[in-house]
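> Any chance you could fold what I've pasted below:
(chains A and B)
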Amino acid sequence: MKKKTIFYKNKTIDNKNYPGYFLIGAVVLYIMLYVLPGISGVVLSFTDWHVARDISELKFVGLDNFAKLFSPEEEYFKYLKNTFIFAGITSVFKTIFALLIAILLVSNIRYRNFHRAAMFFPSIISILVTGLIFRSILHPGKGIINIFLSFIGLESLTQDWLNNVTFAFPSVMAVDIWRGIGYIMVIYLAGLQSIPIEYYEASSIDGANSLQKFWHVTLPLLKPTIIVTSVLNLIYGLRVFDIVYVLTKGGPGDATDVMYTAVFREFSTGNFALGSALSSVMFIILVVFGFFSVKLITKREVAY
Amino acid sequence: MIQKRSMEAKMKKVLVVVLAVLLMMSSFLLAGCETEKATDTKESAITAKPASSEKEEMKEDITITVMAPQDQIKPIEEEVIAKEFEAETGIKVIFNIVPSDQYDNLLSTKLNSGQGVDIFLGQSGSLNIGPRFNPEKNCVDLSNEEWVSRVEPTSLASTMLNGKVYGLQVWNVSQVWSVVYNKTIFNDLGLEVPTTYAEFIAVCDAIKAAGITPMYECVSDGWHHVLGFAELGVALDPSIYDKLNKNEVKLAEIPELVTLLEQMNEVAQNYSGKNYLANEFVNGTAELSEGNYAMMINRITMAQEIEAAFPDGKYTADDFGSFVIPYLDNQVVNINPQGPTRFIFATSENIEASKKYLEYLARPEVLQQFIDNEPAFTALPFEGVTFNQTEQQKEFFATYTTTGTVLQAGVAYIDPQWMDIGKELTAMYTGQKTPLEVLESIDKSRADQAEAIGDPYWD
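Alright, predicted model coming up:
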């Protein structure tokens, strides 16, 4: 019997057991549910689609929407900058805190599982609930942070955390870091547990102290995990919408606006074309970013 | 043997291809059904009235959902009227109440995606409902309903587009947003009702000196602080609305508006307390009842609302009065024929039941029930109901006799961007924008909206 290769040219895949046409169902579904809507979004960003206009009257306007996005009169650059700042800062802090906590919780401390569960807890609360809780915690008059600060005599440090231009964005990022640490911590715990104990024993015999063990054993062996979590964190950060929306809705003014709050605003005011153009820009950024991060991860996998 | 296996393989292959094709066909069919259903409902909305009502009567339990921002569905409707309606017709009414700051976005998203509830509340206004809701596409035409003839003409006009009625307005549109003030505090401090902005500031200074925060402002809801701007359209030259609508003048070119924003900013920064950005509208009654604040921009009937919510509060209805918002030395009463209005979604599956509910709400005895039980509804824009004007209202309208139309009712493309104007004003309060930049930004949004719907004046 002659073997046929339908989808794969790669010889390592054994197409005797799994013929290529098995893929048809999945590919059709994938194209219909993911690729087509994605492409139609990009196509629509070249039109003048608006709520007040019927879809049959749609006109192609070329790059007009993109020209508008990048014109100096508009604020979209600021939102893009905010998005990158958000993704960068939250990723760094989530990584640092999650790693520290994971190292603490991998050792044999008392009530270890309770501590792990407690740290993971913020990640399983609905974002809406997190938003409501923190809106009350950060309230300038009734919030416990300000009440506590006043109580210990530090009234000068009290702030309107979510409405002050200087503090609003850091507050939103802090809440997101608090929420995201647990999830990242779990991945680090798995990574730490997979490091064989022999390396630590060997380094002890060589006379390494804790810091040296961390630097020369834990960190190098944890590198693949750190790369994976960093990519997860950054992609999440670039796509952020919910936590900003529930806490500040992009305010005060547009101090905490990120790309997806802007997209949401354009769509809800009926500027579908502009909203699509914004999404397309973000789509390209995420694709480029995703492509390089996948490269980075697979390269590491080969190395180890 | 080999032949048999290859036959089997072939059979399998055919089976898989057939399955895949079936899968694709079924998904297309499903999509087709969806569209058919949508067109069906729309058609039934316009023409096939008797057929669908018959069908609905046959159904055992119909539930209609009313979507509204908080504060716009009054307890008397939710707890009494809707229940009585259910007892009479068997149609259950569910209220989907959404926080005010998220409502506009949510409603637009629902309208734009075509997946609505049955009835939604939205701000009326002949200039407003077109660009905001596109009722010709999204709402059911109510022109032939019995109650239409009983609606007061200006209120009716604000629910109409191109000669068709789309909404039912059960709202006290003779309400006026005024400065509600604590008369007792004013008397104790020997203060008079201000008639100019300078006098108003002097009053604020005196109250502040007495250790009371003068004005209750609440920015976090996103809409309340816009009132100071939009309601004060009455202080402008009346001919300016026409020029704004014909795009002959821009908001940023009107010097009074720059002054207005400067004055609003001054009051917010100096006389509204530390937490005005985080305050919420709903807490205003409590704060005024306790005497923590002396004034608030609110409806004249706020006095009755305070009394109803806090009968044992430090201050009650008789302690409060109202004066017109005195920014720009204004003494003209700001009238707004627009107000929260009920519209029926064109894609609703319960159009007849929804119409029945509106018909029920518009019955004179039900309207009277609203007036008699809801402190904010001292009057409703219908024939055949007895008004219940409060002392504060009588006093207010005896003092101020000149009336004007507010900006959002007279100028196009203001009301649809109400929440965005709120965002701009917050940027001004937090020092990110100057008053002129705020106005320029509102002008830009107006131009965007006008161009998007092809307004000839913006060509």
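> Thought B:L191 was touching B:A210, still the case?
No. Assessed by Cβ atoms under 8 Å, B:A210 is found out of contact with B:L191, at 9.7 Å. C-beta coordinates here come from the backbone N, C-alpha and C atoms, glycine included.
> quick one: low-confidence parts of the stretch 51-200 of chain B?
For the stretch 51-200 of chain B, the stretches with pLDDT under 70 are B:51-60, B:174.
> switch to 50 and redo it
The stretch 51-200 of chain B contains residues with pLDDT under 50 at B:51-59.
> Mind checking which of B:A210 and B:L191 has more residues around it?
Shown here are B:A210 and B:L191; by other Cβ atoms under 10 Å in any protein chain shown, B:L191 has more neighbours (19 against 13).
> mind checking the SS state of that one?
With DSSP: H, G, I helix; E, B strand; the rest coil as the basis, B:L191 sits in coil.
> who touches it in this structure?
Applying Cβ atoms under 8 Å, 6 or more residues apart in numbering or on different chains, we find B:L191 in contact with B:185, B:203, B:206-207.
> Let's see that with 7 Å instead.
B:203, B:206 (Cβ atoms under 7 Å, 6 or more residues apart in numbering or on different chains).
> just the one 5 residues further on next, same as before
With contacts defined as Cβ under 7 Å, 6+ apart, the neighbours of B:T196 are B:326, B:329.
> Show me where the chain has its strands.
Just so you know, I chose chain A. For chain A, no strands are identified by DSSP state E.
> Let me rephrase: I mean chain B.
So, for chain B - with DSSP E - the strands run B:62-69, B:91-98, B:119-123, B:160-161, B:164-165, B:167-168, B:177-182, B:213-216, B:293-299, B:320-323, B:333-335, B:340-344, B:403-405.
> As TSV, these with distance to chain A and mean neighbour count would be great.
Formatted as TSV, these follow (distance: least, Cβ to the nearest Cβ, whole Å; neighbours: other Cβ atoms under 10 Å in any protein chain shown):
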stretch	distance to chain A	mean neighbour count
strand B:62-69	14	20
strand B:91-98	13	17
strand B:119-123	13	27
strand B:160-161	12	19
strand B:164-165	17	16
strand B:167-168	18	28
strand B:177-182	20	24
strand B:213-216	11	24
strand B:293-299	13	25
strand B:320-323	23	24
strand B:333-335	26	20
strand B:340-344	15	25
strand B:403-405	24	17
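> packing partners for the helix or strand bottoming out on mean pLDDT in chain A?
Within chain A, no helix or strand scores below helix A:272-303, which has a mean of 82 by mean pLDDT, DSSP states H and E. Contacts defined by 3 or more Cβ pairs under 7 Å, 6 or more residues apart in numbering or on different chains; DSSP states H and E place helix A:272-303 against helix A:36-44, helix A:64-69, helix A:219-238, helix A:259-268.
> how far out from the middle of the chain is it?
In terms of Cα atoms, centre = their mean, to the nearest Å, the centre of helix A:272-303 is set 12 Å apart from its chain centre.
> Nearest to B:E199 among the strands of chain B would be which one?
strand B:320-323 (10.4 Å; Cβ to Cβ).
> So what's the residue count around whichever residue of the stretch 51-200 of chain A sits closest to chain B?
Residue nearest to chain B within the stretch 51-200 of chain A: A:N163 (3.6 Å; Cβ to the nearest Cβ). By the measure other Cβ under 10 Å, the count of residues near A:N163 is 27.
> surely it meets A:A255?
No. Between A:N163 and A:A255 there is no contact under Cβ atoms under 7 Å: 9.2 Å.
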